[in-house]
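>>> sequence? don't have it. structure:
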């Protein structure tokens, strides 16, 4: 349990970087940032795949199809929606919408996967979820009151919608990924992260051709293929590809093999807290009091949730005549 929480914390610290990446290159469309990140991820996976080639051969065709599903939904679609949402609403607002994931994943895992590793008591889980929800409300309210986001109704609402799609993608991904790892304890988490990187590369390259062609038609002034600041964009994509995609996935996979599926939801909050911390470091300012209160509620909710022990689900015996 302790090592699993530490791995989840490490993953959260690395995943938090994805919330500041779009702010560093705001002139780059979210789709291009997503393509850049996952092309970098796929390229970085190639030497790792050569090193792990014996273990990768042990994966079945069904395993590779599963890796492809996880990649398309949990990586490319998720990050495309998130990057566009951050540019439309600002990082803290999008971060806190994504911050509903501890609540959404906990409820979903309890409903869908409780019969596997045990179910968290709704009576005990509700106070933790209320604390996390209160934290989200505080941070969102503080951000909108601060005026840090240039408010445009259509742009803001479209950003909210994209962030909600990202929530749906990232609810499905960690639970599905966690179940695969729990059901395949003989497979190394690093091998699974590398496999996802391998299937990401061709998908990201095809998406890159489509995005580049679209930009050439709709924004002919945009410098292709690497945009107006390639000296910033390329290193940033490599850093995000390494730390957020491969290393972050590796740490999360390690956590997923050690922890019951119903407990992975609250630990997503480490990503939210890291994203908030990095954003305010980038702004070079302290979070306002209401934001700090929200952060305290988030931390308290997670600590409360982690103290709940999963209860085994007793299946009724079928009677025979």
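Yes, it's here. All values derive from a computational prediction rather than experimental measurement.

>>> what's the first helix or strand after the worst-scoring helix or strand of the chain on mean pLDDT?
The helix or strand of the chain with the poorest confidence is helix 114-117; it has a mean of 60 (mean pLDDT, DSSP states H and E). Note on helix 114-117: by DSSP states H and E, the next helix or strand toward the C-terminus is helix 122-146.

>>> can you point out the buried residues in the very next helix or strand once past that following helix?
Per DSSP H and E, helix 122-146 leads on to helix 153-183 as the next helix or strand towards the C-terminus. Buried residues in helix 153-183, defined by neighbour count with 16 or more other CB atoms under 10 Å: 156, 159, 162-163, 165-167, 169-182. Yep, even glycine has a C-beta here, placed from its N, CA and C like the rest.

>>> I'd guess residue 35 is in a helix, am I close?
Yes: assignment of residue 35 by DSSP: H, G, I helix; E, B strand; the rest coil places it within a helix.

>>> shouldn't it be in contact with residue 207?
Yes: counting by CB atoms under 8 Å, residue 207 is a contact partner of residue 35 at 5.2 Å.

>>> who's more crowded, those two?
residue 35 (26 against 21; other CB atoms under 10 Å).

>>> pLDDT score for that one?
Note on residue 35: pLDDT of 90.

>>> how close does it get to residue 173?
According to CB to CB, to the nearest Å, residue 35 and residue 173 sit 18 Å apart.

>>> repeat for residue 301
In terms of CB to CB, residue 301 sits 22 Å off from residue 173.

>>> residues contacting residue 240?
17, 18, 21, 37, 40 (CB atoms under 8 Å, 6 or more residues apart in numbering).

>>> now for the host helix or strand of residue 78, which elements pack on it?
Taking DSSP H and E as the criterion, the element that holds residue 78 is helix 78-89. Helices and strands touching helix 78-89, as assessed by 3 or more CB pairs under 8 Å, 6 or more residues apart in numbering; DSSP states H and E, comprise helix 21-24, helix 30-51, helix 91-98, helix 153-183.

>>> reformat these as JSON lines; add distance to residue 260.
As requested, the helices and strands packed on helix 78-89 are exported to JSON lines (distance: least, CB to CB, whole Å):
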{"stretch": "helix 21-24", "distance to residue 260": "31"}
{"stretch": "helix 30-51", "distance to residue 260": "28"}
{"stretch": "helix 91-98", "distance to residue 260": "23"}
{"stretch": "helix 153-183", "distance to residue 260": "8"}
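
>>> mean pLDDT for the ones you listed: which is lowest?
Ranked by mean pLDDT, the helices and strands packed on helix 78-89 bottom out at helix 91-98, with a mean of 70.

>>> end to end on stretch 19-38, go ahead and measure it.
Chord length of stretch 19-38, first to last residue, is 16 Å (CA to CA, to the nearest Å).

>>> in it, which residues are buried?
In stretch 19-38, counting by 16+ other CB under 10 Å, buried: 19-23, 25, 28-38.

>>> likewise for stretch 237-252?
The neighbour-count check on stretch 237-252 (16+ other CB under 10 Å) flags 237-238, 240-241, 243-252 as buried.

>>> ok, of the residues you listed, which one's closest to residue 54?
Within the buried residues of stretch 237-252, the smallest distance to residue 54 is 18.1 Å, found for residue 250 (CB to CB).

>>> OK, contacts around the closest one?
Residue 250 is in contact with 189, 190, 193, counting by CB under 8 Å, 6+ apart.

>>> list just the nearest of the contacts of residue 240 to residue 229.
Nearest to residue 229 among the contacts of residue 240, with distances taken as CB to CB, is residue 21, at 13.2 Å.

>>> quick one: residues contacting that closest one.
Neighbouring residues of residue 21 by CB under 8 Å, 6+ apart: 33, 37, 83, 236, 240.

>>> again, only this time at 10 Å
Residues in contact with residue 21, defined by CB atoms under 10 Å, 6 or more residues apart in numbering, are 28, 33, 36-37, 79, 82-83, 86, 91, 233, 236-237, 239-240, 244, 278.

>>> residue 227 looks like it's in a helix, true?
No: assessed with three-state DSSP, residue 227 is coil; it does not lie in a helix.

>>> phi, psi for it please.
In terms of degrees, to the nearest 10, the main-chain angles of residue 227 are phi 80, psi -180.

>>> so what pLDDT did it get?
Here, the pLDDT recorded for residue 227 equals 87.
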